[in-house]
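Trainee: Got a sequence here, can you model it:
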Amino acid sequence: MSDIKIIETLSMILALMIAIIGHEIMHGYIAYRYGDDTAKRAGRLSINPIVHIDPVGTILIPAILYFTNAPFLFGWAKPVPVNISIVIRNGGYGAAIAVALAGITYNLLVAIFAATILPLFLHPNSYFEAFMFFFLYNLTLYNVILAVFNLWPIPPLDGSQALYYLAMKLRWDRFVEFYEKIYPYGMLILFAILFIPGINSIIFAPAEWILKMILP
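Mentor: Numbering: from 1, shown residues only. This is a model prediction of the structure:
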């Protein structure tokens, strides 16, 4: 493996870890700000990647994508535990929506920050600068993809959680009942949708639009 390939691979792994682990930490951190210390007591507000690793989402899926030459890596960390009833008691349903959208907000802010710095390394003259170029590019890419993917209103993705708490706040009782009925089957619905031919191009189209706007 060439030096540049090693640098590129390491940058991809680091960028993906920052994207998915930071996403989960932010859920727990915002919940903590509303009085829920569940994640803190479980040691899940730590930046130590070991406590966040999901064997399938953090290791197996990214490895399969890498060795099958997928255009980008994808994965997830272990969900951070949150006692949403404490959050709602202290901050109402608005606080619950904030917790649900915390990871997406983190991903978008990190993507914008990385894309802003990226032009400094467009013409690398050293291994360090080459690493920074690949790292910042992948950091932008993965954070945008994670943000857009999690916005989809399919349980248990963050977008669906935010919509659920909004429905509870506005007393959309029929939607709440419908959501609670389909929630146990959310992952099956999600995977079924992802395997529909051509659906990925629709799901990730907003990510392409955002990347075109922020990448140099």
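Trainee: what about the helices in the protein?
Mentor: If DSSP state H is used as the criterion, the helices of the chain fall at 3-33, 38-41, 61-67, 84-117, 127-151, 158-169, 173-182, 186-194, 199-203, 205-214.
Trainee: Turn those into CSV, columns for mean pLDDT and mean neighbour count.
Mentor: (Each C-beta comes from the backbone N, C-alpha and C, glycine too.) Converted to CSV, the helices of the chain look like this (pLDDT from 0 to 100; neighbours: other C-beta atoms under 10 Å):
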stretch, mean pLDDT, mean neighbour count
helix 3-33, 93, 20
helix 38-41, 95, 17
helix 61-67, 79, 15
helix 84-117, 97, 20
helix 127-151, 95, 22
helix 158-169, 96, 20
helix 173-182, 94, 12
helix 186-194, 82, 13
helix 199-203, 76, 12
helix 205-214, 92, 14
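Trainee: and of those, who's closest to residue 77?
Mentor: Between residue 77 and the helices of the chain, the shortest separation by C-beta to C-beta is 4.7 Å, and it involves helix 3-33.
Trainee: From the contact counts, what lies against that closest one?
Mentor: Based on contacts counted as 3 or more C-beta pairs under 8 Å, 6 or more residues apart in numbering; DSSP states H and E, the elements that helix 3-33 packs against are helix 38-41, helix 61-67, helix 84-117, helix 127-151.
Trainee: For the first one, give me every contacting residue.
Mentor: Right, the one you point to is helix 38-41. Helix 38-41 is contacted by residues 25, 27-29, 31-32, 45, 80-83, 86 when judged by C-beta atoms under 8 Å, 6 or more residues apart in numbering.
Trainee: Next, work out how far apart the residue nearest in space to the middle of the chain and residue 197 are.
Mentor: Among the residues of the chain, the one closest to the centroid is residue 146, at 3.9 Å (C-alpha atoms, centre = their mean). Residue 146 sits 23 Å away from residue 197, going by C-beta to C-beta, to the nearest Å.
Trainee: hmm, back to that, may I see the helices of the chain organised as JSON lines, with distance to residue 49 added?
Mentor: Listed next are these as JSON lines, based on distance: least, C-beta to C-beta, whole Å:
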{"stretch": "helix 3-33", "distance to residue 49": "6"}
{"stretch": "helix 38-41", "distance to residue 49": "15"}
{"stretch": "helix 61-67", "distance to residue 49": "13"}
{"stretch": "helix 84-117", "distance to residue 49": "16"}
{"stretch": "helix 127-151", "distance to residue 49": "15"}
{"stretch": "helix 158-169", "distance to residue 49": "21"}
{"stretch": "helix 173-182", "distance to residue 49": "32"}
{"stretch": "helix 186-194", "distance to residue 49": "24"}
{"stretch": "helix 199-203", "distance to residue 49": "27"}
{"stretch": "helix 205-214", "distance to residue 49": "24"}
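Trainee: Those helices: which one's closest to residue 52?
Mentor: helix 3-33 (4.7 Å).
Trainee: number of nearby residues for the residue lying closest to residue 21 once chain neighbours are set aside?
Mentor: With sequence-adjacent residues excluded and distances taken as C-beta to C-beta, 6 or more residues apart in numbering, residue 21 is closest to residue 52, at 4.7 Å. Residue neighbour count, defined by other C-beta atoms under 10 Å, stands at 24 for residue 52.
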